[in-house]
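Participant: Structure for this input, please:
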Amino acid sequence: MIKKIKDFLFKHKIVSIAVFLLIIFLLVIINWPKEEKASYLTEKIKKGDIDVVVSGSGQVSSLKSQDISSSVSGNVINVYIESGDKVNKNEVLFKIDSTSQIKDIKTAELNLEKAKLELEEIKDPLDQLTLLQSENSLIEALESKEKAEESLTKSYTDGFNAVSNAFLSLPTVMRELENLLFDNTIEETQDNINWYVNQTDYKTSDREKGLSYREKVYTSYNKARLAYTNNFDLYKSLSRSSDEKSIEDLIDQTYNTTVLISDAIRDIDNYVSFVEDSMELRGFTIPSVALAHKTSLNSYMSTVNNQISSIFSAKNTIENNKDSIVSVERSIVLKELSLADLKEGATDLEIRTKEIAVETADQELSEAYEAYNDCSIKSPFSGTISSVDVIKGEKVSTNETMASIITDEMIATITLNEVDVTNVKVGQEVNLTFDAIDDLSIKGNVSEVDASGTVSQGVVSYNITISFESEDERIKPGMSVSADIIINSAKDVLIVSSSAIKTMGKRNSVQVLNNELVEIREIEIGLTNDTSAEIKSGLNEGDLIITSTNSSTQIKQSSNQKQENNMDPGMMRMMNM
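Facilitator: Predicted structure coming up:
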């Protein structure tokens, strides 16, 4: 029978393949996974309390002797107990000087008041007086700019006048310098500049020095003459009504020209002085014309230097006025931005920054009060004082033993590792549960923290002693106890499940479900524990948060794959032909 089927399939191969493919197609359609709409597990954001705890386990014991130590250092100003005294829980046993702590409290109170005032100020609506003051400040800046621009315009006029004054005297100076050098007023057979060098002694180095002086005079005079000629041409082409850039260039050029003329006069004066000194040393008589040259050079130098000073002052006045305009323009921009910010009011970020400042100041005040309270050393539980180890006036250090106390009340001792113990302090609240008593949970307080740990197989552990706030006759010495020490807490804050928070780097976000639309919203978190987190910003009470996504869609193995796995090898060979 099977052979007949195979023969039939072989003879009708095309039909067989078509039928087979149809069967496969139907199986795929039947077994194709259905797309199902995702469903969400959600929770509403609400306010509540969040506790951050450190957990440990240990045993119950009784008749405990415990050392009482100070958590602060300072001088003991009062001792209220003696050995053998009966004391109650939280009774003050010692008082340590708290002058420094009181000062810290006052400082923290002032800082908190300042932070609150700044927060109120930034939240207050804009008052008309502040707005008017800001507007007036902007108007004054605009008026200052107008005055600075007027001063700049005047400084260009003053600068042109300084140049004009210079060219009243510079032509005379240049003409006199030319006569002094190139006329033959001293000796008709040679011009003056050569006469001077010929008065030097040929037999000494004076001759070489004289030639060097003369060459320097030629160079500096010709440079000054060229600058003067170009400068004078520019001056004649301009007027007071010329544009500011042209006048500024004229002032700069005139300043440089007068400096070159001054340099030339100095070089000529040095040349004349050198030759006259040489002649005097050799006993030669200096002609009166040469002596007059020296006097004239001094006069020219004074005239030119006065012009340099005047033009330099004009240059500086222009630069200062330009700088003033730039400065006042910057001031105008700042005042315009300030006025705009004032009209818009404080941003959410600015308000939040001030709120954080208030929270920080409040925390610092709490810490200051805590330090002050630590100056009163109290009994951790009711009992009998077995010893007193300090006296009034003695200075004690942090964690130094001050007394010992014996109690017959129940206490719990648990063990914590070196990481968790750093967050534990005497006086912190503790929630206690007992393995042997399912329905019992009582409150306690940390009464002692080991100052040194115990090392076992490389692991450091510390013993924590916990006193009970209430007694229960079902609690027996030796029972196992679990303790959750509350190291931090926040009351009446927005809380979200930790499972809803997505973290990427330093940024945290949640998925908010709003009218069946999912919105990714960035949040700022505060305190966190194993199950919950405090929301400081980014969410509002009543927001619907996605904690997880459910989908019943499953990918199933298709029937055609199963069929293919079970297919007759002969059929497979036929399909592959």
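
Participant: Please make it C-alpha for all contacts and neighbour counts, starting now.
Facilitator: OK.

Participant: Quick check: mean pLDDT of the helix or strand where Arg214 lies?
Facilitator: Per DSSP states H and E, Arg214 falls inside helix 206-237. The pLDDT scores in helix 206-237 average 95.

Participant: Mind giving me the packing neighbours of that helix?
Facilitator: helix 192-198, helix 244-281 (3 or more C-alpha pairs under 8 Å, 6 or more residues apart in numbering; DSSP states H and E).

Participant: May I see these organised as a markdown table, with mean pLDDT and mean neighbour count added?
Facilitator: Converted to a markdown table, the helices and strands packed on helix 206-237 look like this (pLDDT from 0 to 100; neighbours: other C-alpha atoms under 10 Å):
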| stretch | mean pLDDT | mean neighbour count |
| --- | --- | --- |
| helix 192-198 | 95 | 20 |
| helix 244-281 | 95 | 20 |
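
Participant: Tabulate the ones you listed (JSON lines), appending distance to Val459.
Facilitator: Formatted as JSON lines, the helices and strands packed on helix 206-237 follow (distance: least, C-alpha to C-alpha, whole Å):
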{"stretch": "helix 192-198", "distance to Val459": "101"}
{"stretch": "helix 244-281", "distance to Val459": "82"}
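
Participant: what's the closest of the ones you listed to Ser144?
Facilitator: With C-alpha to C-alpha as the measure, helix 244-281 is the member of the helices and strands packed on helix 206-237 nearest Ser144 (20.5 Å).

Participant: Please state the offset of the closest one from the chain centre?
Facilitator: 56 Å (C-alpha atoms, centre = their mean, to the nearest Å).

Participant: elements contacting that helix?
Facilitator: Contact here means 3+ C-alpha pairs under 8 Å, 6+ apart; on that basis helix 244-281 packs against helix 128-182, helix 192-198, helix 206-237, helix 288-344.

Participant: Kindly recompute the last result at 6 Å.
Facilitator: On a contact count with 3 or more C-alpha pairs under 6 Å, 6 or more residues apart in numbering; DSSP states H and E, helix 244-281 meets helix 206-237.

Participant: Measure how the helix it packs on sits relative to helix 244-281, angle-wise.
Facilitator: Relative orientation of helix 206-237 versus helix 244-281 (axes from the mean of the first three to the mean of the last three C-alpha atoms, to 10 degrees): 160 degrees.

Participant: Break this structure into its domains for me.
Facilitator: With domains defined by automatic domain parsing, the chain comprises 2-33+556-575, 44-62+410-550, 160-342.

Participant: Dump those domains into TSV; add distance to Glu367 as well.
Facilitator: Formatted as TSV, the domains of the chain follow (distance: least, C-alpha to C-alpha, whole Å):
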stretch	distance to Glu367
domain 2-33+556-575	61
domain 44-62+410-550	13
domain 160-342	36
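
Participant: Select, out of those, the one closest to Val358.
Facilitator: Across the domains of the chain, Val358 has its closest neighbour in domain 44-62+410-550 (14.0 Å, C-alpha to C-alpha).

Participant: Centroid-nearest residue for the protein?
Facilitator: Thr353 (13.6 Å; C-alpha atoms, centre = their mean).

Participant: any idea how far that one is from Asn111?
Facilitator: 15 Å (C-alpha to C-alpha, to the nearest Å).

Participant: try Thr219
Facilitator: For Thr219, the distance to Asn111 - C-alpha to C-alpha - is 74 Å.

Participant: for Ile501, same thing?
Facilitator: Taken as C-alpha to C-alpha, the span from Ile501 to Asn111 is 35 Å.

Participant: Kindly report the same for Ala368.
Facilitator: Applying C-alpha to C-alpha, the value for Ala368 to Asn111 is 12 Å.

Participant: between those two, who's got more neighbours?
Facilitator: When neighbours are counted by other C-alpha atoms under 10 Å, Ala368 comes out ahead of the other of Ala368 and Asn111, with 22 against 19.

Participant: any idea which element the more buried one lies in?
Facilitator: helix 348-373.
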